[in-house]
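Asker: Return a 3D structure for these sequence lines:
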Amino acid sequence: MHIVTAGGHGRVALIMQRMLAERGDSAAGIIRKPEQADDLLAIGAQPLVADLETASVDSITDFVRGADAVVFAAAAGAGRAARRQTVDRDAALLLADAAEAAGVRRYLIVSSMGADTRAVDGALDLTFRAYLRENDPYNGQDETGRSPAFGAYLQAKGAADEALRKRSALNVTVLRPGLLSDEGGTGRVLLTPSAGAGSVPREDVAAVLVALLDAPESGGQTVELISGATPIVEAVASLDGRRG
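Answerer: So this is what the prediction gives:
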């Protein structure tokens, strides 16, 4: 397979691309900074330099033409609030436009547990909100325990997810991991439409993405991911035929 990943220098993306290259697939990563290219070359991936906030659909179409699938793994992080819209939402849709123009049907997006267009108003599942108080990556909780900055991120991710699910020309899987950790992967996960609050190593997220790429029949679904007891290949196989 030939896989093109937006956000190719992210930690999950680098692990996934290394896994693909090690098994003989072709991996290419879209990166914003030319100085990141050596990191992709070192793992056997092809660097493609473009700023997803300013790139044209035509330029990204050229990058993804001939791909078997595209993966959106970019994230704005804790920088300017506006970038949560221009990266987490708009860039995901830019990649979708490019995939459609290039005739690439398979699209995977790394979203987030709790992604919801209402999240900026604090309309989060209560269990997830309690979990967020202890694990907010933005460290921005107010006196109510809410995090407006993280809420804006979840809102942008939720908007992208909703828009992508409406794209009939694409076979989309929305993957919503829990809190990401740098612990070694276990190879065992809980992958389901409603996993509940929890964490998962980045290595396992990457391995799930590879398994999903191998299972296009699992498309059309939105699934949450945390550490669990089921081997990754079995967890992905169990999604066949399920829609949600």
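Asker: I'd like to know how many residues surround Pro47.
Answerer: Pro47 is flanked by 18 other residues according to other Cβ atoms under 10 Å. C-beta: built from backbone N, CA, C; applies to glycine.
Asker: Tell me which helix or strand comes right after the worst-scoring helix or strand of the chain on mean pLDDT.
Answerer: Every helix and strand of the chain was ranked by mean pLDDT, DSSP states H and E. The lowest is helix 126-135, at a mean of 53. With elements assigned by DSSP states H and E, the helix or strand that comes after helix 126-135 is helix 148-165.
Asker: Now do that following helix: which elements does it pack against?
Answerer: Judged by 3 or more Cβ pairs under 8 Å, 6 or more residues apart in numbering; DSSP states H and E, the packing partners of helix 148-165 are helix 83-85, helix 92-102, strand 106-110, strand 171-177.
Asker: rerun that using 6 Å as the cut-off
Answerer: Applying 3 or more Cβ pairs under 6 Å, 6 or more residues apart in numbering; DSSP states H and E, we find helix 148-165 packed against helix 83-85, helix 92-102.
Asker: weakest of those helices by average pLDDT?
Answerer: When the helices and strands packed on helix 148-165 are compared by mean pLDDT, helix 83-85 comes last with a mean of 72.
Asker: Can you get me a residue count around Ser238?
Answerer: Neighbour tally, Ser238, other Cβ under 10 Å: 13.
Asker: cool, Glu35 as well?
Answerer: Glu35: 9 neighbours (other Cβ under 10 Å).
Asker: My guess is Ile232 contacts Leu212. True?
Answerer: No - if you go by Cβ atoms under 6 Å, Ile232 and Leu212 don't touch, sitting 9.6 Å apart.
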